[in-house]
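In: attaching a predicted model along with its sequence, questions to come.
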Amino acid sequence: MKKYLLILLCLATFGLTACSQVTNDQQTTEVSKEVNEMEDKVVKTEEEWKEELTDEEFRVLRLKGTEMAFTGEFEKHKEDGIYVCGGCGNKLFTSETKYDSHCGWPSFFEPVSENSIVETEDNTLGKRRIEITCAKCGGHLGHVFNDGPQPTGLRYCINSISLDFDKEEKAKEEAKEKKE
Ligand SMILES: [Zn+2]
């Protein structure tokens with residue numbers, strides 16, 4: 001009888017240890033996932049941004065301003081390449097999705113990926129709009145409207161000043177595609 005009890009006790013202890021092991025592993029995975037997500041983000045104080053950006057970039061990217069229509073550098077820009085975030089370099093739009101919307105700001109019908117931007121409801125100016133920010137640094141980019149061309153029917157209306165243009169990045173990707 002004593003022997004059975006001992007075996008039972010052993011089994012119970014083993015079971016408990018195994019159980020807590022699993023929980024520990026799960027916790028570790030969750031924590032490291034969080035750390036990875038944090039590493040992807042660009043976190044800076046507003047003071048740091050102020051030092052890094054020009055006054056106008058700061059006003060638009062960090063204070064959610066809007067550049068004057070038809071004045072932006074990329075409004076009529078037609079070169080092949082990738083438009084990246086002016087704050088952190090995150091890839092946002094390709095030249096293939098840029099089109100002439102005649103609205104006064106560079107317009108795209110699709111972002112590089114769903115994860116590159118964040119959409120937030122914006123109820124300022126007494127109307128409901130969807131604000132677009134950079135997923136990596138939180139910089140304000142513009143708004144998205146549903147009067148764009150197919151295939152998405154969307155118009156990502158973006159301030160030129162929130163963007164930088166990378167011609168070489170696009171060429172590099174094309175070269176890579178050819179190799180594969
Ligand atoms: Zn950014």
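Out: Ah, there it is. On a predicted model such as this, the values are computed, not experimentally measured, just so you know.
In: after the least confident helix or strand in the chain by mean pLDDT, next one along is what?
Out: Using mean pLDDT, DSSP states H and E, the weakest-scoring helix or strand in the chain turns out to be helix 2-40, at a mean of 50. Scanning forward in sequence from helix 2-40 by DSSP states H and E, the next helix or strand is helix 46-52.
In: let's see stretch 48-64 as CSV, backbone CA atoms only.
Out: This file holds the C-alpha atoms of stretch 48-64, laid out as CSV (Å, rounded to 0.1, in the frame of the first residue of the first chain):
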residue,chain,number,x,y,z
GLU,A,48,13.9,64.4,-30.2
TRP,A,49,11.6,64.6,-33.2
LYS,A,50,11.8,68.4,-33.1
GLU,A,51,15.6,68.3,-33.4
GLU,A,52,15.5,65.7,-36.2
LEU,A,53,12.7,67.1,-38.4
THR,A,54,12.3,70.5,-40.1
ASP,A,55,9.6,72.8,-38.7
GLU,A,56,7.2,71.9,-41.4
GLU,A,57,7.9,68.1,-41.2
PHE,A,58,7.3,68.4,-37.4
ARG,A,59,4.1,70.3,-37.9
VAL,A,60,2.6,67.7,-40.3
LEU,A,61,4.1,64.4,-39.0
ARG,A,62,3.9,65.1,-35.2
LEU,A,63,1.2,67.7,-34.9
LYS,A,64,-1.1,66.2,-37.6
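In: what pLDDT does the model give V144?
Out: Listed pLDDT for V144 reads 98.
In: rounded mean pLDDT for stretch 103-114, please.
Out: 97.
In: that one close to the ion?
Out: No. Applying CB under 5 Å from the ion, one finds stretch 103-114 out of contact with the ion, separated by at least 12.4 Å. In short, each C-beta sits where N, CA and C put it, glycine included.
In: what are the contacting residues of that stretch?
Out: Outside of stretch 103-114, the residues within contact range by CB atoms under 8 Å, 6 or more residues apart in numbering are 67, 69-70, 72, 74-75, 77, 82-83, 91-94, 97-101, 117, 142, 148-160, 163.
In: swap in 6 Å and give it another go.
Out: Contacts to stretch 103-114, defined as CB atoms under 6 Å, 6 or more residues apart in numbering, come from residues 69-70, 74-75, 91-93, 97-99, 101, 117, 148-149, 152, 154-158, 160.
In: show me those that map onto strands.
Out: K91, L92, F93, K98, Y99, I117, R155, Y156, C157, I158 (DSSP state E).
In: could you find the closest non-adjacent residue to the fourth one?
Out: Translated: K98. Distances taken as CB to CB, 6 or more residues apart in numbering put F108 closest to K98, at 5.2 Å, once the chain neighbours are dropped.
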